[in-house]
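**Student:** this is the structure alone, sequence omitted:
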């Protein structure tokens, strides 16, 4: 009897663990191939609707020879090109004898339709695939995700989840219902408008690439997490916030040292007060937000206050969630200005083709009494006209691609941190053979309807392939011939570019252009609030600035962040129209001929039109 009772308890316990798996663990599968072992961790459960999803891969080589291992996700795709999906994502690693290689494969914000991961060793596909569920990113019923550290505590997490469920059950607020793929809340159902993704691992085991956190609306940590995390994870979360993420800190006492340090950066709009008894504090940090609250305070919050806080986090992520389809992207940001279909020319060609292949062809052959030659002349004439249309298209457009880029870079000259947001569009008369390339620190969001409704109302779904071995190589399917392709780009990195600023003995200011690109227009506000200007400063050259006595009103970093959150596509134009509205003491506006902070993406460009600005912060008030 006792043995049966123990068996029953074991079964119940196992079943409880199974039910808890979706929100409690990252499932992993390991494949052994002789002396090689490959392990892949799935991302946390939760259907995210934007950003990148990270697959953590570990490869161990216990043999005495070097091996080349290629990981392919998914092992087998069933997208069939009907939707805008990633059909194949690969990463190749050369691993020495006795070595272990760990890396992250980062899936951009397009769905993968398929399952598993295929393993290739020295070019040969292995019989056993890695079991992997790849369908939890960019699905139909995506909800804003909040990544929650296990150190936050089950009691507080349960309170937040209860608030979400009660809010959904009430049906009286905008938070009920599912999450629309167009950036707002829709009616897909579920247990609420938000999902908490509980991270079971301690922060010392978290991934260290910032793109892996962009699928989350917010990341919730404790002060103990901040104290124990590695410098690499700290930099990753910092980049996540700087590019538009939200970081929520629940602390027990004192001020978290890392957070106090970040708050002193020039990209922080509000330094942390020195008072260690502070109950709450928040700041804009780059394009994102940081909130800090005492644990004993948030434990007493009512459900309505948690919903308000979740809504604030979602609003902070607004620009990251907005995606245009191909037609609307090209309307708002045309790559080739004035591109129209030559309707009259095509109509004339069609008319001439009909006349030549019909009456003219028949009459000529009838006069020559060689009407049997119709079997030959009809296809020949058709080929000639088809070739003529192709030659005309190549002559009018050429065979080399064109690009257009618009970007804003926030540059903290003291910490050397650069945050760039932009949009790049590409138009290629012929499909580029080598695809696109961006470095591993660039967030790439293709502007397509990921469910397959494409250009000019026709089904525009295309499967895509990419390789993450060296940066992000968008191998095929991302740019098609004669169809504009647009990508929203975000990037955070340490850079050495800067504007060298010096005050001369007579009180004037001179600068050396160290931004790596020609400056066409410069407006600088010094620490006294005086505005200085200059035009046309070549890269590496020095120039004395002219004092502007018009005494314009100045803005702040907060106004820049709020503008980009509302609409990152038009931010460059809005700032360029009146730069002084977005400057404060110790900052400058530089219109540059091309952005040194973004990759061109495509080689051999015939023309690359740019509208790129740098907002630099170098001192007090910036």
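**Tutor:** That came in fine, so what should we check first? For clarity, every value in this text was computed on a predicted model and none was experimentally measured. Numbering: from 1, shown residues only.

**Student:** what does the pLDDT read for the residue sitting nearest the centre point of the chain?
**Tutor:** Nearest residue to the geometric centre of the chain (CA atoms, centre = their mean): residue 443, 3.2 Å. We have a pLDDT of 96 for residue 443.

**Student:** same question, residue 454
**Tutor:** 42.

**Student:** same check, this time on residue 613
**Tutor:** 97.

**Student:** number the chain from 781, please
**Tutor:** I'll keep to 781 as the first residue from here, and by that count the last item is residue 1393.

**Student:** not counting its neighbours along the chain, what's nearest residue 1327?
**Tutor:** residue 1312 (5.8 Å; CB to CB, 6 or more residues apart in numbering). Yep, even glycine has a C-beta here, placed from its N, CA and C like the rest.

**Student:** report the strands that pair with the helix or strand harbouring the one you found, each with its relative direction.
**Tutor:** Taking DSSP states H and E as the criterion, residue 1312 maps to strand 1311-1317. Strand 1311-1317 has these partner strands in its sheet, going by DSSP bridges: strand 1299-1305 (antiparallel), strand 1326-1328 (antiparallel).

**Student:** residue ranges of the strands in the stretch 1131-1280 of the chain, please?
**Tutor:** 1182-1192, 1197-1207, 1216-1218, 1222-1226, 1243-1247, 1252-1256, 1265-1274, 1278-1283 (DSSP state E, counting those that start in this stretch).

**Student:** what does the shortest one rub up against?
**Tutor:** Outside strand 1216-1218, the residues that touch it by CB atoms under 8 Å, 6 or more residues apart in numbering are 1206, 1224, 1251-1254, 1258-1259, 1269, 1379, 1381-1383.

**Student:** circling back: which of the strands paired with strand 1311-1317 sits closest to residue 1368?
**Tutor:** Counting by CB to CB, residue 1368 lies closest to strand 1299-1305 out of the strands paired with strand 1311-1317; the figure is 4.0 Å.

**Student:** buried residues, the closest one. List them.
**Tutor:** For strand 1299-1305, the neighbour count (16 or more other CB atoms under 10 Å) marks 1299, 1301, 1302, 1303, 1304, 1305 as buried.

**Student:** for stretch 1128-1136, same thing?
**Tutor:** Neighbour counts over stretch 1128-1136 (16+ other CB under 10 Å) mark 1133, 1136 as buried.

**Student:** swap in stretch 1286-1299?
**Tutor:** Here stretch 1286-1299 shows 1289, 1291, 1292, 1293, 1295, 1296, 1297, 1298, 1299 as buried, counting by 16+ other CB under 10 Å.

**Student:** distance between the ends of that stretch?
**Tutor:** Stretch 1286-1299 has its terminal residues 25 Å apart, counting by CA to CA, to the nearest Å.

**Student:** name the residues that touch it?
**Tutor:** 1277-1284, 1302, 1304, 1306, 1312, 1314, 1316-1325, 1327, 1370-1376, 1392, 1394.

**Student:** PyMOL command to pick out the buried ones of those?
**Tutor:** Buried residues among those (16+ other CB under 10 Å), as a PyMOL selection:
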select buried, resi 1277+1278+1279+1281+1302+1304+1306+1312+1314+1317+1319+1323+1325+1370+1371+1372+1374+1375+1376+1392+1394
